[in-house]
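Novice: mind folding the following:
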Amino acid sequence: MNAVEIEQAISALAEQPFDPAEFPYAFLEAFGNKETTIRRLRKGESNKSDLGGVLQTNNIHIAVSPKGDVTKTLMALKASPATSRGKAKFVLATDGSSFEAEDLSTGETVACEYTAFPDHFGFFLPLAGISTVKQIRESSFDIRATGRLNKLYIELLKDNADWGAADRRHDMNHFMARLIFCFFAEDTDIFSGTAAFTATIERMSAKDSSNTHEVISDLFRAMNTKVAERSAAGIPRWADAFPYVNGGLFSGNTDVPRFSKIARTYLIHIGNLDWKKINPDIFGSMIQAVADDDERGSLGMHYTSVPNILKVLNPLFLDDLRNKLQEAGENPRVLLNLRKRMARIRVFDPACGSGNFLVIAYKEMRSIEAEINKRRGEALRASDIPLTNFRGIELRDFPAEIARLALIIAEYQCDVLYRGQKEALADFLPLDAENWITCGNALRLDWLTICPPTGTGVKHHADDLFHMPLDQVQIDFENEGGETYICGNPPFLGSTYQTKDQKSDLAHVFSGSIQNFAAFDYVFAWFFKSAIYLRNTPARAALVSTNSICQGYSVSSFWPFLLQNDLEIGFAHRSFKWKNNASHNAAVICAIIGLRSKSPDPKTLYDDGLALNASNINAYLVNAPDVYVEGARASLFGLPCMDYGNKPVEGGNLILELDEARAISSDPRAKRFIRPFKGSQEVVKGLLRFCLWVDDASLQDALEIPEIRERIARVREVRLNSPDKYVVEKLAARPHAFKQVFVANSHAFLVPRHTSENRPYLPADIVTNDTICSDAAMALYDAPCWAFAIFSSRIHLAWISAVCGKIKTDFRYSNTLGWNTFPVPTLTEKNKADLARCAENILLTREAHFPATIADLYDPEAMPADLRAAHDYNDEVLERIYIGRRFKNDTERLEKLFELYTRATSDPKKAPNLNKKVRA
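Specialist: Down below sits the predicted model:
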């Protein structure tokens, strides 16, 4: 269940008559507990309560108290030994009149009337596996309103199918935006006196809903008509109480979809919510899911948390404004200059969605401005910060409309907060009809026309707040000498997931500039367009990206062209998980990168919550020189050769599962042709697979075995029908053999090509010479044991994570890019002997835990203490070779590795094995 569904279930529970015996089970059911779970609790099989309540282990202890004893019962639940034994996260007590609960991990409490407990449903979301932060707990209203609006939206489309068609979807979305404004306006006194929007619809429309659409249409027309002109326009007198809003929000088509009785009821219920509680920085992203068929299934999950947004905005420009405010102290002249500066700042989000970044930027700037006004003795002064300085581009029309509406609401709320209700109302209506959010494809538009260079005066006005043509985006603003900050969270789409149109967008952006762009993530184009913008006007940019932008081959293919010689990375947040606060929502591993023109200003790297000063931030987001790691044909630092595994190219005919291998080996002659076959899954999970391995000398003997002869014949057929010319011409003639043939003389260390980022070390295994390595792994054939110690180290993992890239969140290992470039100091014979003993210690410790697999042993939550100790000792021995002590963290490891790599590759004569065209 998502947050919206939980809120609806909780609200339904609160509306039912209180049943003391059923309440605990109904409460748990509302948070998504399955029927079997509830049944086991009812029978007492899993209920461990010692107070006659319901205790769900690792979750919550609930008890229904006698009338008036709720607080006493809650204290008893907290003190209960069963609560402690059951590791309950929450305790809850109610008597049907009062309701009290406590989060035992944080000490936070809820105390309210029973009927009001749905207002606090966000407090309990961990019961449904939904992680919560302060923002989601404070967004109960937004989630509730989103759920109600979604019901209304679906009900209206059910009875107005034509409004769901592509040519009318904009009208439907525009109608919903108008409703949201009206709900907000009636609860915040924008509609004053008798102008109660919901009550008017309830009073003037028939209960059978036959004229509901006509009543709403008349209200919209009234709000689009000046009071003096209403009589002539035929506006009914009962609508006169509503103010003239402007010629934009309610202009254009005033058609309203027809309402069923159910839809009318939904509308009235929505209007009866307390819309003063709307939070525009969260609500916008959630409400856009209402109008998106693909996103509606995730309703209530679509918003970016404020702390993540501030990771972009604070170092981009807000921290500087706050520092200047602190420096200004009480100096009125300095404060005035800062206020003037802020009035000229423009914030531009070229992938703005429903406006989260713009709204947060606006609210934070208003907070700083309010403090300036307070210090200057002008606390009630109107804001100098215009909404039109917060510009965005959004591909879809509804999010673009919601972005404008969210900014309007944010402006009003800030006016109420900093100037008072009376002053806010006096300046709010009529709204300006300026259109400062553009609906269009950001990768096809010229950003300089939407957010022109500073000092350019643009003189075109819109006549409709929600008008979409691109010629409507040019509007007045005062920005002489101002600053522009580009920010946002553009779409992440790897090359595999891009549509034809999106691939065309990339070609439009990169053609003529970068050749090898086909493998780029979609987000790369926003960085490139930002760089173009920065080269044309004073500005800075900070965007969220998948961390693929700073890993792997993309770095050397992209960043030299992006930065050239005039731009640099001013700050960056190294890889972290960026996720919505919702259940079952996969985290994306992201980075935040701030771009600017070359500057002597300080540079900052953010890593694991720490802010680190940097002399330079390179494209791998390391405090190191601007170098680009290129694939190398052999190790630049004298490490043993790491080769490919063996690629079959045989349609599965030479690969054997365990039962197939047993069947074939029933013929004694076949046993010598069957070998263990290992790749990533076999190494990590201990799976058993085999292959037919036939060399040229024994081919005739193999062909005498019917099953092997048939399989080889099928391989020949597969290869002859291959679209690959090399396979047809070269491999079809040798159908008994793999494409590559690599075999160890004595042993091999197998290295999976893909492995989970969650493991504390890269997995590897040692095999004897009868095992064939598949192409899902790399291999160090007959390598010395000390090489295993290097591969299995923390410092090598740090290098791989920086330079090799990932598939989703799995490391993608490369011999040419990861192993051959890995910087290692010159090793003495003693160093090698010490490392060999470390490797043997790791392998013997693993063997002592047989039959545990590598997946079992390297589970970060269950890694055996002796194995962790063996790795720790290996790390200490190796890292002392680098700097004479252990490194403090991965940041320090990478700084040293890049120092060594830079030194080794600064002279091409010292790095003869470098080859940009190498791939693995």
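
Novice: run a quick neighbour tally on the nearest residue to residue 258 once chain neighbours are set aside.
Specialist: The shortest distance from residue 258 to any non-neighbouring residue, by Cβ to Cβ, 6 or more residues apart in numbering, is to residue 213 (5.0 Å). The way it works is simple: take the backbone N, C-alpha and C, and place the C-beta from them, glycine included. Neighbours of residue 213 under the rule other Cβ atoms under 10 Å: 20.

Novice: from the chain's centre, how far out does the lengthiest strand in the chain sit?
Specialist: What stands out as the longest strand in the chain, according to DSSP state E, is strand 567-578. Relative to the mean C-alpha coordinate of its chain, strand 567-578 is positioned 15 Å out (Cα atoms, centre = their mean, to the nearest Å).

Novice: CA atoms of that strand as PDB?
Specialist: This file holds the C-alpha atoms of strand 567-578, laid out as PDB (Å, rounded to 0.1, in the frame of the first residue of the first chain):
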ATOM      1  CA  LEU A 567      34.500  25.700 -16.700                       C
ATOM      2  CA  GLU A 568      35.000  23.800 -13.500                       C
ATOM      3  CA  ILE A 569      33.200  21.800 -10.800                       C
ATOM      4  CA  GLY A 570      32.700  24.200  -7.900                       C
ATOM      5  CA  PHE A 571      31.100  21.700  -5.600                       C
ATOM      6  CA  ALA A 572      29.700  18.200  -5.600                       C
ATOM      7  CA  HIS A 573      27.900  15.700  -3.500                       C
ATOM      8  CA  ARG A 574      29.500  12.300  -4.100                       C
ATOM      9  CA  SER A 575      27.300   9.200  -4.700                       C
ATOM     10  CA  PHE A 576      24.400   8.900  -2.400                       C
ATOM     11  CA  LYS A 577      20.900   7.300  -2.500                       C
ATOM     12  CA  TRP A 578      18.200   9.600  -3.800                       C
END
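
Novice: am I right that the residue nearest to residue 258 falls within a strand?
Specialist: No. Looking at residue 213 with DSSP: H, G, I helix; E, B strand; the rest coil, it is helix, so not inside a strand.

Novice: begin at 547 from now on, thanks
Specialist: With 547 as the first residue, the last one maps to residue 759.

Novice: adjacent strands (with direction) for the longest strand of the chain?
Specialist: Sheet pairing for strand 1113-1124, assigned by DSSP bridges, gives strand 1134-1143 (antiparallel), strand 1149-1153 (parallel).

Novice: what residues does that strand touch?
Specialist: By Cβ atoms under 8 Å, 6 or more residues apart in numbering, the residues outside strand 1113-1124 that reach it are 850, 854, 857, 861-862, 1077, 1080-1081, 1086, 1088, 1090, 1093, 1096, 1109, 1133-1145, 1147, 1149-1153, 1162-1165, 1167, 1347, 1437.

Novice: tell me which helix or strand in the protein has the weakest average pLDDT.
Specialist: Sorting the helices and strands of the chain by mean pLDDT, DSSP states H and E puts helix 680-683 at the bottom, at a mean of 53.

Novice: following element in sequence after that one, please.
Specialist: Note on helix 680-683: by DSSP states H and E, the next helix or strand toward the C-terminus is helix 686-705.

Novice: show me what whichever helix or strand comes after that next one packs onto, helices and strands only.
Specialist: Scanning forward in sequence from helix 686-705 by DSSP H and E, the next helix or strand is helix 712-733. Judged by 3 or more Cβ pairs under 8 Å, 6 or more residues apart in numbering; DSSP states H and E, helix 712-733 is in contact with helix 686-705, helix 743-750, helix 807-817, helix 943-965.

Novice: output the longest one as CSV, restricted to C-alpha atoms.
Specialist: The C-alpha trace of helix 943-965 is given here as CSV (Å, rounded to 0.1, in the frame of the first residue of the first chain):
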residue,chain,number,x,y,z
ASP,A,943,1.5,20.8,-19.4
PHE,A,944,-0.2,19.8,-16.1
PRO,A,945,3.0,19.8,-14.0
ALA,A,946,3.9,23.1,-15.6
GLU,A,947,0.5,24.6,-14.5
ILE,A,948,0.9,23.1,-11.0
ALA,A,949,4.4,24.7,-10.9
ARG,A,950,2.9,28.2,-11.5
LEU,A,951,0.1,27.5,-9.0
ALA,A,952,2.5,26.2,-6.4
LEU,A,953,4.6,29.4,-6.7
ILE,A,954,1.5,31.6,-6.4
ILE,A,955,0.5,29.7,-3.2
ALA,A,956,4.0,29.9,-1.9
GLU,A,957,4.1,33.7,-2.4
TYR,A,958,0.8,34.2,-0.6
GLN,A,959,1.9,32.0,2.3
CYS,A,960,5.1,33.9,2.6
ASP,A,961,3.3,37.2,2.6
VAL,A,962,1.0,35.9,5.4
LEU,A,963,4.0,34.7,7.4
TYR,A,964,6.2,37.7,7.0
ARG,A,965,3.7,40.6,6.6
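
Novice: pLDDT below threshold where in the stretch 647-796 of the chain?
Specialist: The model of the stretch 647-796 of the chain has pLDDT under 70 over residues 676-685, 739-741, 793-794.

Novice: got a list of contacts for stretch 1403-1420?
Specialist: With contacts defined as Cβ under 8 Å, 6+ apart, stretch 1403-1420 is touched by 1304-1307, 1309, 1335, 1338-1340, 1381, 1384-1385, 1387-1388, 1391-1392, 1394-1395, 1402.

Novice: these in helices, which ones?
Specialist: Using DSSP state H, 1335, 1340, 1381, 1384-1385, 1387-1388, 1391-1392, 1402 are the members of these that sit in helices.

Novice: in those, find the pair that's most separated.
Specialist: Spanning the widest gap among the ones in helices among the contacts of stretch 1403-1420 are 1381 and 1402, at 25.4 Å by Cβ to Cβ.

Novice: more neighbours, the two?
Specialist: Taking other Cβ under 10 Å, residue 1381 and residue 1402 do not tie; residue 1381 has more neighbours (24 against 15).
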